[in-house]
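Trainee: Give the three-dimensional model of this entry:
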Amino acid sequence: MDVAVDRNSRSATPNGFKENDNMSRTNDDGVDTEAAETIDRPPSAQEKVPSSKTYHPFSFPVLVLLAPASILGVLARLGLVALATYDGQSIFPLAYAQSLGCFVMGFTFSLKGPIGEFYGPLYTAITTGL
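Mentor: Modelled structure (predicted):
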């Protein structure tokens, strides 16, 4: 077991963590571990965070948006592959469709919060379908 000794107070704590005055734990780099430990936990009622509306994966709004987005995504991929297929091509045609898909996923991920607040299934339709 690793034991770290705080040079100022000479108190040993396991795994290199130090106790602060406000009882939150920080590691040797000064990173607050209490905030990191609660990042995957949903907010409690005391935190007064408004809960967003959640949709079941097979609910009607999700399926209605996912079906046309999937069809458009397939057609866009087939169109890009057809445009990129020609004699003397220097790169395989699927690379253009893959790179555009990565761009759409990255751009949409950066707007996940606003899109999710606007309408939750829209984010699923854009990222899964298109």
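Trainee: number of nearby residues for Ile115?
Mentor: 19 (other Cβ atoms under 10 Å). No exception for glycine: its C-beta is placed from N, CA and C like everyone else's.
Trainee: Check what pLDDT it gets.
Mentor: Ile115 carries a pLDDT value of 90.
Trainee: That one contacts Phe109, correct?
Mentor: No - applying Cβ atoms under 8 Å, one finds Ile115 not in contact with Phe109, separated by 9.6 Å.
Trainee: Can you say which helix or strand has Glu117 in it?
Mentor: Assessed by DSSP states H and E, Glu117 sits inside helix 112-118.
Trainee: Please save the CA atoms from that helix in CSV.
Mentor: Taking Å, rounded to 0.1, in the frame of the first residue of the first chain, the C-alpha atoms of helix 112-118 are listed here in CSV:
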residue,chain,number,x,y,z
LYS,A,112,-24.8,18.0,-27.5
GLY,A,113,-26.0,20.2,-24.7
PRO,A,114,-28.0,22.7,-26.8
ILE,A,115,-29.4,20.0,-29.1
GLY,A,116,-30.4,17.9,-26.1
GLU,A,117,-32.1,20.8,-24.4
PHE,A,118,-34.0,21.7,-27.6
